[in-house]
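Visitor: Generate a structure from the sequence data that follows.
(one chain, ligands or ions: 2)
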Amino acid sequence: MSASLEIKNLNVSIGDKRIIKDSSLTVPKGEVHAIMGPNGTGKSTLAKALAGHPDYEVTSGDALIDGESILELEVDERSRNGLFLAFQYPMEIPGVSIANFIRAAKNARLPDGEELNAPAFYKELYEKMDMLKIDRKFTSRSVNEGFSGGEKKRCEILQMAMLDPNYAILDETDSGLDIDALKVVSDGVNALRGPGLGALVITHYQRLLEYIVPDRVHVMYDGRIVKSGEKELALELESKGYDWIKEIAGNAA
Ligand code: ADP
Ligand code: MG
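Guide: Ligands and ions are numbered 1, 2, ... in the order given. This next block holds a predicted model:
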C-alpha cells in the first residue's frame, strides 16, 4: 500500500461540460504539492470533485487514498478517511460558534454513542490556536460570519489543525487574497507540515509559493495537468507567464 493521495487519469464533467481531462498526479504523504494554472482552467473543479461535491461527475479515472478508491464514498466518509478540503469561498454558518462547529466535526468521527471529553477538547483547541497564533476570542464567533478574507482562512486552518487530516487540499482565491490571508495560510500549512500530512495547495499566483515551498509543482491548463516539476517550475511560470504553457498544451493535444 502506498501512502498517498493519487489521481489517475481523472475526467470530471459538470452537466455535459467536460472540465477535467485525463489528469494524473500523486501526492505522497509527507509532501506538499502545488497546482498552478490560469483562471477557469479547472483547479477548483478538481478540488470539489475530490471532496465529493454532487454537481461534479467523475466520468472516468480514479482518485485513491492510500491505494483505496474514494469515489464511491460519501462526502463525510471521505473526510473521515482523512481528507480535508479548505474551500476557496468558505460558507457562513450564523449562530454556530467556531468551537462548537469543530467539536461537532470531531464528534462525528467518533464511534456511535461516544463523545469528546470537553476539557480535553478545549485543551487541544487552545494548544492548536497558540501554535497558529490565533486569538482565543476568535472561537466564540460564528463560523465565517462577517469575517475578513484573512479571518476565513484562519478559521479553515484551525479546522484543519484540529481535524488532523492525512491529506489536505487548499484551494486559494485567484484574486483578492491579501498578504495577511496569504501569510495565515502559509504559516498554518508550514506549522502542520510533516511526515503525517500530504498537502495539495491550489493557487493562481506564484507568490503563495514563496511562503509555502512545495516539493512539486503541477501546472493545469484547460483541464489537464500539462507539466509537473520541481519548485523552480513555479518561478519559470511567473517569469514566462502562461502562454508558454499554452504552447506545450497545444503540442500535447
Ligand atoms: P479555476 O478554479 O481553475 O479558476 P474552475 O474549476 O472554477 O476553474 O472552473 C473551470 C471551468 O468550469 C470554467 O469554465 C467554469 O466556468 C466551469 N464551472 C465551474 N463550476 C461550474 C458550475 N458549478 N457550473 C457550470 N460550470 C462551472
Ligand atoms: Mg478556482
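
Visitor: Is the one helix or strand in the chain whose mean pLDDT sits lowest positioned near ligand 1?
Guide: When the helices and strands of the chain are scored by mean pLDDT, DSSP states H and E, helix 243-252 comes last with a mean of 75. No: using Cβ under 6 Å from any ligand atom, helix 243-252 never reaches ligand 1; the gap is at least 13.0 Å. Backbone N, C-alpha and C define where each C-beta goes, glycine included.

Visitor: For that helix, name the packing helices and strands.
Guide: strand 216-221, strand 224-229, helix 232-240 (3 or more Cβ pairs under 8 Å, 6 or more residues apart in numbering; DSSP states H and E).

Visitor: Quick one: these as JSON lines, columns for mean neighbour count, mean pLDDT and distance to Glu92 too.
Guide: Listed next are the helices and strands packed on helix 243-252 as JSON lines, based on neighbours: other Cβ atoms under 10 Å; pLDDT from 0 to 100; distance: least, Cβ to Cβ, whole Å:
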{"stretch": "strand 216-221", "mean neighbour count": "23", "mean pLDDT": "95", "distance to Glu92": "29"}
{"stretch": "strand 224-229", "mean neighbour count": "18", "mean pLDDT": "94", "distance to Glu92": "33"}
{"stretch": "helix 232-240", "mean neighbour count": "15", "mean pLDDT": "86", "distance to Glu92": "32"}
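
Visitor: need those in JSON lines with distance to Asn190, can you?
Guide: Formatted as JSON lines, these follow (distance: least, Cβ to Cβ, whole Å):
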{"stretch": "strand 216-221", "distance to Asn190": "16"}
{"stretch": "strand 224-229", "distance to Asn190": "21"}
{"stretch": "helix 232-240", "distance to Asn190": "16"}
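
Visitor: what's the closest of the ones you listed to Ser23?
Guide: In terms of Cβ to Cβ, the element of the helices and strands packed on helix 243-252 nearest to Ser23 is strand 224-229, at 4.6 Å.

Visitor: Might you enumerate the residues of this protein proximal to ligand 2?
Guide: Lys43, Ser44 (Cβ under 5 Å from the ion).

Visitor: Can you report how many residues lie near Ala161?
Guide: 22 (other Cβ atoms under 10 Å).

Visitor: following the helix or strand containing it, which helix or strand shows up next?
Guide: Following DSSP states H and E, one finds Ala161 within helix 149-163. Once the chain leaves helix 149-163, the next helix or strand it forms, by DSSP H and E, is strand 167-171.

Visitor: show me where pLDDT drops low in this structure?
Guide: Low-confidence segments of the chain, defined by pLDDT under 70: 1, 87-90, 173-177, 251-253.
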